[in-house]
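Colleague: sequence? don't have it. structure:
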C-alpha cells in the first residue's frame with residue numbers, strides 16, 4: 001500500500017506549499033520559502049504549529065514579532081492574525097488542526 005502524494009503549489013511569490021499528510025483532525029504541510037518571500041498576514045480558525053526545519057524567519061503573531069531559526073517552533077491559536085517574512089531561504093513544517101480543507105482544493109488556472 002502506498003501513501004497518497006499531493007502536488008506542490010505556490011500560494012505567493014517565492015513560497016511553495018506541499019501537503020505531506022492529512023486526515024480530518026490533523027494536517028502536516030511543508031512550506032519552502034525563498035529569501036524575502038512572505039506569508040502574508042492572515043487568520044483562520046485552525047490551530048497551527050510551525051517548526052523551522054531550515055532558514056530564518058520573522059513571524060508576526062497577534063502584533064508581536066518573533067525571530068525563528070532552525071529548531072525553533074511557534075504555536076498560533078485559531079483566529080489569531082499572523083504572517084512571516086523569510087530572512088534566509090528555508091523550510092517550515094506546519095501542522096494544522098483540524099485539517100485545512102482549502103489546501104486540498106485543486107487550484108484553478
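Modeller: Yep, that arrived. Please read all numbers here as calculations on a predicted model, not as lab measurements.
Colleague: pretty sure residue 103 is in a helix, no?
Modeller: Yes - if the criterion is DSSP: H, G, I helix; E, B strand; the rest coil, then residue 103 is within a helix.
Colleague: pLDDT at the nearest residue to it once chain neighbours are set aside, what is it?
Modeller: Setting aside the residues directly before and after it, residue 103 is nearest to residue 19 in space (CB to CB, 6 or more residues apart in numbering), at 5.6 Å. (C-beta placed from N, C-alpha, C; glycine too.) On the pLDDT scale, residue 19 is placed at 96.
Colleague: neighbours around residue 19, how many?
Modeller: Residues near residue 19, counting by other CB atoms under 10 Å, number 20.
Colleague: Ok, residue 49 next?
Modeller: 14.
Colleague: who does the helix or strand it falls within pair up with?
Modeller: Residue 49 belongs to strand 47-61 when assigned by DSSP states H and E. Using DSSP bridges, the strands paired with strand 47-61 in its sheet are strand 64-68 (antiparallel), strand 73-76 (antiparallel), strand 82-97 (antiparallel).
Colleague: give me the beta-bridge partners of the residue lying closest to residue 99 once chain neighbours are set aside?
Modeller: The shortest distance from residue 99 to any non-neighbouring residue, by CB to CB, 6+ apart, is to residue 27 (4.3 Å). Taking DSSP bridges as the rule, residue 27 bridges to residue 22, residue 96.
Colleague: I'd say residue 27 and residue 21 touch.
Modeller: Yes - between residue 27 and residue 21 there is a contact under CB atoms under 8 Å: 7.4 Å.
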